[in-house]
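Asker: I'll drop the sequence and a predicted model, then ask my questions.
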Amino acid sequence: MKIRDILSQGRPTLSFEVFPPKTEDHYETVETAARQIAGLSPDFMSVTYGAGGGTSRYTAEIAAVLNNEYQVPALAHLTCVSSTRDHVRHVLEELKERGIENVLALRGDIPPDGRIAHDYRYASELICDIRRSGDFCIGAACYPEGHVESANKTADITYLKEKVEAGCDFVTTQMFFDNNILYNYLYRIRERGITVPVVAGIMPVTNGSQIKRICQMSGTYLPSRFKAMVDRFGDRPAAMKQAGIAYATEQIIDLIANGVNGIHVYSMNKPDVAARIRENLSEILGPQR
Ligand code: FAD
């Protein structure tokens, strides 16, 4: 099923994300986690893509398990920064063969040791190629706080518009911890004529190392309420997990209450975290399918 059709149903949707293993050794663990999350019957699940090769070969494999064994529509991420057009064509053919109808078209981060190909500069070019290569539903990334490389937020929205005009059907946001940032962003992009559905990306922060990574990612604003939670519970793993899930749940409830229907949880291969969030929303979303 195409995600654009799911998002147009006018009801809240909940989706989860998994990332493939870096090496074959971890494949089974990741696949098991993905299967457990799929067992929660989310509206769809996304599978990330390793920009520099690495995990990329498992994306299609895990997406196919979700799609074909669990009937959970899979969204396969695809980056282009280090890909040739031939490689992209090959990946799209593989996705088609496996029955995957949804692709999140990304540029990917520029590798620190340099690109191995220069066929693509921006995600909008990838979107054009995907659009030409078959009947895919295409998603793209967006950044309520601006992308780190952007000169300013206005330019970032201009380039987002290019992605939509190139043919993307919906956009998913980078994580954010203050919903007002998303509400302001929605106002600004709607004002610029971007009307595709926006899926809000929510990260339940459940451990200290995750927080460190987030802090390193410049641009993500941490509200004082969030910082207080981390200060108080950051060195108590079980308490941090409980608090992080509660924080994410509150964010989601506020978003849905304010009409943001598309909720995507960066569940980081953690079925227990996904399950607790699903449970916390049981009355809001209705019973599991
Ligand atoms: P683009 O949309 O191409 O934008 C990149 C930068 O170029 C931005 O600063 C933009 O403003 C600017 N720009 C765009 N077009 C132009 C133009 N015509 N002229 C000048 N400047 C322009 N990374 C992975 O490796 N694998 C994943 O699976 C993955 N999944 C992600 C999922 C989501 C929801 C998000 C938000 C990010 C994800 N990323 C992933 C990270 C993403 O690859 C990086 O943020 C990357 O740096 C930008 O990708 P993009 O597709 O947004 O790029």
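Answerer: Yep, that arrived.
Asker: what about residue 37, how many residues close to it?
Answerer: 28 (other C-beta atoms under 10 Å). Using the backbone N, CA and C atoms, a C-beta is placed for each residue, glycine as well.
Asker: wait, what's in contact with it?
Answerer: Contacts for residue 37 (C-beta atoms under 8 Å, 6 or more residues apart in numbering) come out as 16, 18, 45, 267, 271, 274.
Asker: name the element the closest residue to the fifth one other than its chain neighbours belongs to?
Answerer: Once its chain neighbours are removed from consideration, residue 271 has its nearest residue in residue 36; the separation is 3.6 Å (C-beta to C-beta, 6 or more residues apart in numbering). Taking DSSP states H and E as the criterion, residue 36 maps to helix 27-38.
Asker: how about the CA coordinates for stretch 255-262, as PDB?
Answerer: Taking C-alpha atoms only, stretch 255-262 is exported to PDB below (Å, rounded to 0.1, in the frame of the first residue of the first chain):
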ATOM      1  CA  LEU A 255       0.600  16.900  18.200                       C
ATOM      2  CA  ILE A 256      -2.500  14.800  17.500                       C
ATOM      3  CA  ALA A 257      -4.600  17.200  19.600                       C
ATOM      4  CA  ASN A 258      -3.400  20.000  17.400                       C
ATOM      5  CA  GLY A 259      -4.200  18.200  14.200                       C
ATOM      6  CA  VAL A 260      -0.900  16.700  13.300                       C
ATOM      7  CA  ASN A 261      -2.000  13.300  12.200                       C
ATOM      8  CA  GLY A 262       1.200  11.700  10.900                       C
END
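Asker: Return the distance of that stretch from the chain's centre.
Answerer: Counting by C-alpha atoms, centre = their mean, to the nearest Å, stretch 255-262 is centred 17 Å from the centre of its parent chain.
Asker: is any part of it close to the ligand?
Answerer: No: judged by C-beta under 6 Å from any ligand atom, stretch 255-262 stays clear of the ligand, getting no closer than 11.6 Å.
Asker: Return the residues of the stretch 101-250 of the chain in contact with the ligand.
Answerer: Counting by C-beta under 6 Å from any ligand atom, the stretch 101-250 of the chain sits next to the ligand at 106-109, 122-124, 141, 147, 149-150, 156, 159, 162-163, 172, 174, 201.
Asker: circling back to that earlier point, pull the number of nearby residues for the residue nearest to residue 271.
Answerer: 15.
Asker: now do residue 8
Answerer: Under the neighbour criterion other C-beta under 10 Å, residue 8 is assigned a count of 12.
Asker: same question, residue 225
Answerer: As a burial measure, residue 225 scores 11 neighbours (other C-beta under 10 Å).
Asker: quick check, it in a strand?
Answerer: No: counting by DSSP: H, G, I helix; E, B strand; the rest coil, one finds residue 225 to be helix, located in no strand.
Asker: mind listing which of the residues of the stretch 101-250 of the chain next to the ligand are in strands?
Answerer: Cross-referencing those against strands under DSSP state E gives 106, 141, 172, 201.
Asker: wait, the second one sits on residue 172?
Answerer: Yes: under the criterion of C-beta atoms under 8 Å, residue 141 is in contact with residue 172, at a separation of 6.2 Å.
Asker: When those two are compared, which one has more neighbours?
Answerer: Neighbours per residue (other C-beta under 10 Å) separate residue 141 from residue 172, with residue 172 holding more: 23 against 19.
Asker: quick one, what contacts that one?
Answerer: 46, 104, 139, 140, 141, 142, 198, 199, 201, 262, 264.
Asker: okay if I get those residues as JSON lines plus pLDDT?
Answerer: Listed next are the contacts of residue 172 as JSON lines, based on pLDDT from 0 to 100:
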{"residue": "46", "pLDDT": "98"}
{"residue": "104", "pLDDT": "98"}
{"residue": "139", "pLDDT": "99"}
{"residue": "140", "pLDDT": "98"}
{"residue": "141", "pLDDT": "98"}
{"residue": "142", "pLDDT": "98"}
{"residue": "198", "pLDDT": "98"}
{"residue": "199", "pLDDT": "98"}
{"residue": "201", "pLDDT": "98"}
{"residue": "262", "pLDDT": "98"}
{"residue": "264", "pLDDT": "98"}
